[in-house]
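Engineer: heads up, no residue letters with this:
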């Protein structure tokens with residue numbers, strides 16, 4: 001290997017469930033209730049072949065193409081077909097999300113991303129996104145004077161009149177912050193801010209090694225208020241369950257990016273400290289992140305994906321975040337106008353329940369970083 005390339009293997013353990021979606025929903029006609037704790041996700045092709053043997057293929061086609069409210073479980077029961085006769089792609093533990101066949105007909109089941117062999121994993125893009133935010137937040141906290149201009153511009157933007165879409169809100173301000181942090185190479189023949197000048201082009205992150213589907217669990221979306229009250233939503237996600245070991249590799253081109261294992265550990269500590277102090281500490285009964293913990297994947301919430309609190313600190317960060325929600329027309333039902341009163345913005349933290357305990361979504365512990 002070239003001497004300027006440094007590679008590390010990172011071993012993470014999931015502390016909370018981790019979700020990275022495939023972009024599709026598992027419909028009620030694709031899974032069967034085995035019991036209140038488990039569902040079986042079917043292989044439609046194999047199921048069709050089994051039904052064809054029983055001369056029920058036409059009835060099955062009508063069911064699949066119909067607009068009725070019944071799920072596959074009820075249809076199979078009506079056809080006198082036992083669950084034991086079905087070949088499943090995999091069986092999902094429902095964890096603490098107790099499933100009732102009647103009351104859960106409207107539940108969304110969001111599928112996690114899997115490889116070509118049906119094995120769940122974390123994409124390198126998700127891992128790099130996590131590290132990119134951590135490194136940026138840590139640099140802002142260590143070098144606040146460096147970002148004063150961008151800090152002022154963001155404040156002016158959120159305090160200006162008018163409404164914008166969530167996608168475009170603060171997009172220019174974030175680009176300028178990342179330009180200050182990362183687009184600093186100044187290569188000949190390029191303009192300031194060109195993507196080719198981004199030092200994190202020298203950071204290559206692999207997908208995680210795949211894990212068995214036995215490491216999946218269905219988790220219900222829960223918002224926990226600062227006062228400890230919880231609101232459950234009719235949304236279930238296929239998640240990599242707590243206690244799962246995930247391994248991936250990072251390769252650093254040191255001629256472009258000066259990151260190393262020690263600096264990465266330091267950045268994680270700085271960002272987790274900020275996240276705890278400015279956000280988690282406001283929530284009754286929630287565990288704070290340890291110094292080697294970070295949040296990865298979907299459903300983790302606004303604060304874990306942004307650098308508002310590293311820029312402004314707790315009190316001013318609450319005001320700026322509240323203004324972001326107001327500016328992007330988040331419905332008043334969410335009561336973000338009361339965020340300052342509640343002591344956090346947003347005033348709910350993204351959670352689920354697992355083995356009787358409320359856990360934050362996406363918390364991962366970095367156990368080991370080994371030079372290769």
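Structural biologist: That came through fine. As the structure is a prediction and not an experimental result, all values here were calculated from the model.
Engineer: which regions of the stretch 201-350 of the chain lie under the pLDDT threshold?
Structural biologist: Scanning the stretch 201-350 of the chain for pLDDT under 70 picks out 329-334.
Engineer: how about 80 then?
Structural biologist: Confidence mapping of the stretch 201-350 of the chain against pLDDT under 80 gives the ranges 327-336.
Engineer: Show me where it has its helices.
Structural biologist: For the stretch 201-350 of the chain, applying DSSP state H, counting those that start in this stretch gives helices covering 261-278, 302-305, 308-327, 339-342.
Engineer: and the second one, what does it pack onto?
Structural biologist: Applying 3 or more C-beta pairs under 8 Å, 6 or more residues apart in numbering; DSSP states H and E, we find helix 302-305 packed against helix 124-142, helix 261-278, helix 308-327. C-beta here means a position set from N, CA and C on the backbone, and glycine is covered the same way.
Engineer: Tell me which of the ones you listed approaches residue 357 most closely.
Structural biologist: For residue 357, the closest of the helices and strands packed on helix 302-305 is helix 261-278, at 18.4 Å, according to C-beta to C-beta.
Engineer: For residue 38, find the nearest of the helices of the stretch 201-350 of the chain.
Structural biologist: Judging those by C-beta to C-beta, what sits closest to residue 38 is helix 302-305, at 30.4 Å.
Engineer: what comes up buried for the closest one?
Structural biologist: 303, 304 (16 or more other C-beta atoms under 10 Å).
Engineer: just stretch 358-372 next, same as before
Structural biologist: 358, 359, 360, 361, 362, 363, 364, 365, 366, 369.
Engineer: With respect to residue 172, which of those is nearest?
Structural biologist: Nearest to residue 172 among those, with distances taken as C-beta to C-beta, is residue 362, at 27.5 Å.
Engineer: Surely that closest one touches residue 300?
Structural biologist: Yes. Residue 362 is within contact range of residue 300, at 3.9 Å (criterion: C-beta atoms under 8 Å).
Engineer: shared neighbours of these two, anything?
Structural biologist: residue 350 (C-beta atoms under 8 Å, 6 or more residues apart in numbering).
Engineer: From the opening residue of stretch 341-357 to its closing one, how far?
Structural biologist: Length of stretch 341-357, first residue to last, C-alpha to C-alpha, to the nearest Å: 27 Å.
Engineer: For it, buried residues please.
Structural biologist: Residues of stretch 341-357 classed as buried by neighbour count (16+ other C-beta under 10 Å): 342-354.
Engineer: Likewise for stretch 66-76?
Structural biologist: Quick answer for stretch 66-76 (16+ other C-beta under 10 Å): 71, 72, 73, 74, 75, 76.
Engineer: Closest to residue 139 out of these?
Structural biologist: Comparing the buried residues of stretch 66-76 against residue 139 with C-beta to C-beta places residue 71 closest, at 49.7 Å.
Engineer: hang on, isn't the closest one packed against residue 28?
Structural biologist: Yes. Residue 71 is within contact range of residue 28, at 3.7 Å (criterion: C-beta under 8 Å).
Engineer: which residues touch the residue most central in space within the chain?
Structural biologist: The chain has residue 298 as the residue nearest its centroid, 1.7 Å off, counting by C-alpha atoms, centre = their mean. By C-beta under 8 Å, 6+ apart, the contact set of residue 298 is 19, 20, 21, 237, 361, 362.
Engineer: Inside strands: which ones of the residues you listed?
Structural biologist: Mapping the contacts of residue 298 onto strands (DSSP state E) picks out 21, 237.
Engineer: any idea which of the contacts of residue 298 is closest to residue 250?
Structural biologist: Lowest distance from residue 250 to these (C-beta to C-beta) belongs to residue 20, with 17.7 Å.
Engineer: which of the residues in the host helix or strand of residue 149 are buried?
Structural biologist: Taking DSSP states H and E as the definition, residue 149 sits inside helix 148-159. In terms of neighbour count (16+ other C-beta under 10 Å), helix 148-159 has its buried residues at 150, 151, 154, 155, 157, 158.
Engineer: and the following helix or strand past that helix, which residues are buried?
Structural biologist: Note on helix 148-159: by DSSP H and E, the next helix or strand toward the C-terminus is helix 171-182. Using 16+ other C-beta under 10 Å as the test for burial, helix 171-182 gives 173, 176, 177, 178, 179, 180, 181, 182.
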